[in-house]
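# Predicted structure and sequence below. I'll ask about it afterward.
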Amino acid sequence: TNSGRFYSGASTKAQPFATTPVINGLSYNFSAPSDTLALSPDTETLYYGALGGYTMFSLPISVLSNFSASSDAIDAAVQAAFNRSSANGALTQCDGMTTSAQGSFFYGSFGNPFENSIVQRLPNGTVVTLYENVDTMQWVDTLGWAGPGQLVFTTNRLQKYFANPIQLNFSETNFRVLSLAVPGQTSYLEAQSPPPS
């Protein structure tokens, strides 16, 4: 319909207690608001959270797509869904996120001194580390699917770009596109019924 809407509320803001992740032993300040987004496999629920935060909130798509709904009505529909955590239970910031048709969330985990990893949050809430590397996995960002059982994502050392002064060393590899086998998992889009022929 060539139309859109803007929504801002308490749930879209950075959480003041969660804006200083420690990455490879160095502290950074990220007071960034909502950045992490994912859709449920049935595409009926939007999940979102602040980069400078730990909490993922949920909002029914039906409320968000009702352009006559007021901001107060949207606020009333927002729920705290879960806290992002790493496999050891520590709360974590993250940037990109995706979901699978099987109900898992996938995201990068950072904010612990020496943990740079990609994790899977299972439907029962258990979090498992899929891959970890303190060098190549700094700041997992955009996540997508290359096909069934194949997750694709970028890493970019964005914390070094945001530092003042910029800490990126351009004689090193800072930006990567990586793939990871996730057997038994498929894109959340695979859960959708095919369009009628």
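Cool, the structure landed. Numbers count the residues shown, from 1 in each chain.

# from here on, contacts and neighbour counts on C-alpha atoms
OK.

# Once you drop chain neighbours, what's closest to M97?
Y107 (4.6 Å; C-alpha to C-alpha, 6 or more residues apart in numbering).

# Quick check: can you name the pairing partners of the host helix or strand of that neighbour and their directions?
Y107 is part of strand 105-109, with elements assigned from DSSP states H and E. Note on strand 105-109: by DSSP bridges, its sheet partners are strand 97-99 (antiparallel), strand 117-121 (antiparallel).

# Turn these into CSV, including mean pLDDT and distance to Q167.
Shown next, in CSV, are the strands paired with strand 105-109 (pLDDT from 0 to 100; distance: least, C-alpha to C-alpha, whole Å):
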stretch, mean pLDDT, distance to Q167
strand 97-99, 97, 25
strand 117-121, 96, 21
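
# Quickly compare those and say which is most buried.
strand 97-99 (a mean of 24; mean count of other C-alpha atoms under 10 Å).

# Neighbouring strands of the top strand by length along the chain in the sheet, and parallel or not?
Secondary structure assigned by DSSP state E gives strand 140-147 as the longest strand of the chain. If you go by DSSP bridges, strand 140-147 pairs up with strand 150-155 (antiparallel).

# contacts for whichever helix or strand comes after the strand it pairs with?
Heading C-terminal from strand 150-155, the first helix or strand you meet, by DSSP H and E, is helix 158-162. With contacts defined as C-alpha atoms under 8 Å, 6 or more residues apart in numbering, helix 158-162 is touched by Y28, Q138, W139, I166, Q167, L168.
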